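take this sequence and fold it.
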Amino acid sequence: MAIALRRGATPCSLPLRRLFSSEPIPDRKVAILGAAGGIGQPLSLLIKLIPLVSHLSLYDIAGTPGVAADVSHINSKAEVTGYQSEEQLGQALEGSDLVIIPAGVPRKPGMTRDDLFNINAGIVKSLCTAIAKYCPKALVNIISNPVNSTVPIAAEVFKKAGTYDEKRLFGVTTLDVIRAKTFYAAKAKLPVHEVNVPVVGGHAGITILPLFSQATPGTNSLSDEDVKALTKRTQDGGTEVVEAKAGKGSATLSMAYAGAVFADACLKGLNGVSDIVECSFVQSNVTELPFFASKVRLGKNGVEEVLGLGSLSEFEKQGLESLKGELKASIWKGMKFAHEN
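Numbering: from 1, shown residues only. Alright, predicted model coming up:
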């Protein structure tokens, strides 16, 4: 399919440019756990399109062979294999360089991310136990909500197994960044593919803090009320989709896109591409909290550097202080679950 470019644009200016890079990259195996689900299926499609991937391993408790057969017909580099049932989980994971976990139940109208906790926490704990056994050196990208709790659960599981490496565990918060970019660009009347907005904190409600004062390109056209409204919409982006789908789903397509963007960045970092910076929920010393989302420089070891917050507006400073209590409670809830179950 031909893609029409706006005047003066180049293919590298397209929003999806990073998913269709033709750079020569060594072979990498990516495993998706929960590949037959609402996020897993479109995520599998998008990961299949990344030239950095040589082997795409798809796993779920059921339905995976069909997804694998479907995706395998796409004429891109990656070989696709499908696995289902717990008996095949180890085979799906062996040799993986990157494991992505979208597994879990979706959010429904009226549900908070905490409502998902008991089910998804158990799923993540089980899958991470297998990762520690079969591919302990892999980068792990956790999408399963509530990320503010599931990432600490994963960390505790890996610690217990003796395989924990803080540089290799990520909570995927890229969707918050994508929403902030999209909403900011529309309000400021800027080309969305040129916009960047860092988002820090966590990945639920008020713990999501977009730093519009650091947005690029900058603009003087937004009032304080505009910034407050954009912040609120970014924080409530997931609820906006859940309500629009009227009980028939959550943010699956945009989340799959975000997951693919972050996976692509991780793979480029692994292969030595320089200056790869993305926001992610990782072990951090940026604040007094043990985990925090901020800009992270990616490289051959996973996290090469956790970057500071930079200069904040007064509104953002207030938001930062407001989110800490809720984020701390979510982190400790995850740690407690890992130890007690």
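
quick one, helices of this protein?
40-48, 64-72, 89-93, 117-134, 147-161, 174-188, 224-235, 237-244, 253-270, 314-340 (DSSP state H).

distance check, the closest residue to residue 197 other than its chain neighbours against residue 254.
The shortest distance from residue 197 to any non-neighbouring residue, by C-beta to C-beta, 6 or more residues apart in numbering, is to residue 180 (4.1 Å). Quick note: C-beta positions are derived from backbone N, CA and C, even for glycine. Taking C-beta to C-beta, to the nearest Å as the measure, residue 180 falls 12 Å from residue 254.

the more surrounded of those two?
residue 180 (28 against 19; other C-beta atoms under 10 Å).

isn't that one up against residue 201?
No - contact criterion C-beta atoms under 8 Å: residue 180 and residue 201 do not qualify, at 11.8 Å.

circling back to that earlier point, and the residue nearest to residue 197, what's its pLDDT?
Model confidence at residue 180, given as pLDDT, is 98.

quick one, what contacts it?
197, 199, 210, 212, 215, 230, 234 (C-beta atoms under 8 Å, 6 or more residues apart in numbering).

for the fourth one, which non-adjacent residue is closest in space?
What sits nearest to residue 212 in space, not counting adjacent residues and going by C-beta to C-beta, 6+ apart, is residue 227, at 5.2 Å.

what sits against the one you found?
212-213, 313, 315.

in these, which residue is surrounded by the most others?
Result: residue 212 is most packed of these (other C-beta under 10 Å), 26 neighbours.

out of the contacts of residue 227, the closest to residue 131 would be?
Nearest to residue 131 among the contacts of residue 227 is residue 212, at 36.1 Å by C-beta to C-beta.

ok, the closest one touching residue 229?
No - in this structure, residue 212 is not within contact of residue 229 by C-beta under 8 Å, at 10.6 Å.

quick one: contacts for the residue nearest the centre of the chain?
Centroid-nearest residue in the chain: residue 172, 2.2 Å away (criterion: C-alpha atoms, centre = their mean). Going by C-beta under 8 Å, 6+ apart, residue 172 touches 100, 141-143, 147, 258-259, 262, 280-281.

how about 6 Å then?
Residue 172 makes contact with 141, 143, 259, 262, according to C-beta atoms under 6 Å, 6 or more residues apart in numbering.

for residue 121, same thing?
Going by C-beta under 6 Å, 6+ apart, the list of residues near residue 121 reads 153, 337.
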